[in-house]
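J.: whatever this is, show me its structure:
(chains A and B)
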Amino acid sequence: MLIDLSESDGRPIYGRIADRIKFAIAGEVLRPGELAPSVRELSKQLVVNPNTVARAYRDLQAEGLLEPVRGTGLQVASGATERCRSARVEFVRGRLRSAIEEARETGLPGAEIEAILHEEWGRGGGDRANGKGA
Amino acid sequence: MGDQAAISIENVSKYYRDQVALDGLSLDVPEGSVFGLLGENGAGKTTTIQVLLGMIRPDAGRAKVLGLDPAREGLDVRRRVGYVPEIPALYDWMTVAEIGWFAAGFHPEAVVGTAGFLSRYGESIRGFGLPADRKIKALSKGMRAKVSLALAMASDPSLLILDEPTSGLDAMVRREFMESMVDLAASGRTVFLSSHQLGEVERVASHVALLHKGKLILAEPLDELRARTFLLAVNFQSRDHDQAPPASLPIELIDAADAPRQAHWLVRARDRAACEAVRNLPGVESVRIETPSLEDVYVGHMRARRPAPAPTPGAAHVA
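T.: Modelled structure (predicted):
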């Protein structure tokens, strides 16, 4: 599994890693029963401190999305796909809400903000997301 | 990460005729950490490393490296620690392979065999794509740095000390170094590096320390530093505004930048909620609370513009 951390929004790295794994699960790049990459592999791939990956994995375990497999590592828990899909919805809602709030704070009139929103949505090719989240 | 300190520095000072290189430095490097030592040129980073390796003796205080005293057992320390100096000290006329053989002579305990110095060196050289039969003098700067790193890792040390390992190297080589450091950390080894590459340190380090003119400004786990340092972008209603957060708030000012109706305050606080109180200060129109990058934190501590706060909240305001 390859994930991409390129965009920084000031949030801690471990949170962004956890989100990306949730999206990968939501998009079925990682399926229930499949093993998540080891802390060592993923930290090397992302070039971040292993503790950061370990923390993301701990959080995902606490949320019941990953579960330990004796002697092997962590695997995606059953039912994780649906739960990650709602997490994905929440993530998008949160990001859009922040973006809209930020836009409002500039003082630009609401109608203009909405127009820009539609323009940008159209420019991105509308419904081009592949649903995979990878 | 263990509770043990791989490195422990206690009140170390070092003076040269016309300057203070280190001034009462104390810090601990936990086992298994990736510890980034930051600071301007001349801040004392290399001096610190020289003390740790027993290459120079402190004028006060002492250090412990892997349980040994470098001032008395320097040779043992240098044998057990993998060291990558800022400028690799390699014999130009040797080939990549020959320098491995040469260095192996200093580690007689495990020279040959699958777990030996030479076999690990060979693996690193292959992994880095370095031609074994090329002379050092024909290698680029980046390749030389990789040879230096391969030599340091070949003895399988539990502690690596790197002095500005990627300075002057291109992004690809820097990335390979970072991957190696992450890999070392993932296998439980301790990495201590001094660096100017704050973006890199921000990713791979678990702890950072900031040195300035020989003095320690801060030393803590990186995630704690990030969780407690904030950039407050404050918009004020009038040009006559507070220069610093009031002393009554649980906020410590690190650096303040001022403009007619604005201020940027780099602060330390227990959490984001503690910063929210700034919104309610008289004269404040809006506040944006952001997480600064390590570079912002570093620059803020270096600039350290700290005007005195208003004596009593609200008292100094002209409506």
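
J.: tabulate the CA atom coordinates of the longest helix belonging to chain B in PDB.
T.: Looking across chain B with DSSP state H, the single longest helix is helix B:171-186. The C-alpha coordinates for helix B:171-186 follow below in PDB (Å, rounded to 0.1, in the frame of the first residue of the first chain):
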ATOM      1  CA  ALA B 171      17.800  16.200  -2.500                       C
ATOM      2  CA  MET B 172      18.100  12.500  -3.600                       C
ATOM      3  CA  VAL B 173      21.100  11.800  -1.400                       C
ATOM      4  CA  ARG B 174      19.400  13.700   1.500                       C
ATOM      5  CA  ARG B 175      16.400  11.500   1.000                       C
ATOM      6  CA  GLU B 176      18.500   8.300   1.100                       C
ATOM      7  CA  PHE B 177      20.100   9.500   4.300                       C
ATOM      8  CA  MET B 178      16.800  10.200   5.900                       C
ATOM      9  CA  GLU B 179      15.500   6.800   4.900                       C
ATOM     10  CA  SER B 180      18.600   5.200   6.600                       C
ATOM     11  CA  MET B 181      18.000   7.200   9.700                       C
ATOM     12  CA  VAL B 182      14.400   6.200   9.900                       C
ATOM     13  CA  ASP B 183      15.400   2.600   9.300                       C
ATOM     14  CA  LEU B 184      17.900   2.700  12.100                       C
ATOM     15  CA  ALA B 185      15.400   4.200  14.500                       C
ATOM     16  CA  ALA B 186      12.800   1.600  13.500                       C
END
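
J.: tell me if the helix or strand following it is near chain A.
T.: Remark: after helix B:171-186, the chain's next helix or strand is strand B:190-194, criterion DSSP states H and E. No. Strand B:190-194 is not in contact with chain A by C-beta under 8 Å from any C-beta of the partner chain; minimum separation 9.9 Å. All C-beta atoms are positioned from the backbone trio N, CA, C, and that covers glycine.

J.: on that earlier part again, what's the longest helix of chain B packed up against?
T.: helix A:39-46, helix A:50-62, strand B:34-39, helix B:141-154, strand B:159-163, strand B:190-194, helix B:198-204 (3 or more C-beta pairs under 8 Å, 6 or more residues apart in numbering or on different chains; DSSP states H and E).

J.: who touches that helix?
T.: Here helix B:171-186 makes contact (C-beta atoms under 8 Å, 6 or more residues apart in numbering or on different chains) with A:39-40, A:43-44, A:47-50, B:32-34, B:128, B:142, B:145-146, B:149, B:153, B:160, B:162, B:165-166, B:169, B:191, B:193, B:197, B:200, B:203-204, B:206.

J.: ok, stretch A:76-96 next?
T.: Against stretch A:76-96 from outside (C-beta under 8 Å, 6+ apart): A:19, A:22-23, A:25-26, A:28, A:30-34, A:36, A:63-67, A:133.

J.: roughly how far out does that stretch sit from the chain middle?
T.: Computed by C-alpha atoms, centre = their mean, to the nearest Å, the chain-centroid distance of stretch A:76-96 equals 8 Å.

J.: which parts of that stretch are buried?
T.: Using 16 or more other C-beta atoms under 10 Å in any protein chain shown as the test for burial, stretch A:76-96 gives A:76, A:77, A:80, A:81, A:83, A:84, A:85, A:87, A:88.

J.: where does the closest residue to residue A:16 other than its chain neighbours fall, secondary structure wise?
T.: Once flanking residues are discounted, residue A:16 sits nearest to residue A:5: 5.9 Å by C-beta to C-beta, 6 or more residues apart in numbering or on different chains. Residue A:5 is located outside every helix and strand, with elements delineated by DSSP H and E.

J.: for residue A:5, give me the pLDDT.
T.: For residue A:5, the model assigns a pLDDT of 72.

J.: can you count the residues close to it?
T.: By other C-beta atoms under 10 Å in any protein chain shown, the residues close to residue A:5 number 15.

J.: go ahead and confirm residue B:278 touches residue B:246.
T.: No. Using C-beta atoms under 8 Å, residue B:278 makes no contact with residue B:246, being 9.1 Å away.

J.: and for residue A:43, the neighbour number?
T.: 26.

J.: residues making contact with stretch A:50-63?
T.: With C-beta under 8 Å, 6+ apart as the criterion, stretch A:50-63 contacts A:13-15, A:17-18, A:21-22, A:36, A:39-40, A:42-43, A:46, A:66-68, A:74, A:83, B:1, B:182, B:185-186, B:206, B:223.

J.: buried members of those into PyMOL, please.
T.: Remark: buried members of those, expressed as a PyMOL selection using 16+ other C-beta under 10 Å:
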select buried, (chain A and resi 13+14+17+18+21+22+36+39+42+43+46+66+74+83) or (chain B and resi 1+182+185+186+206+223)
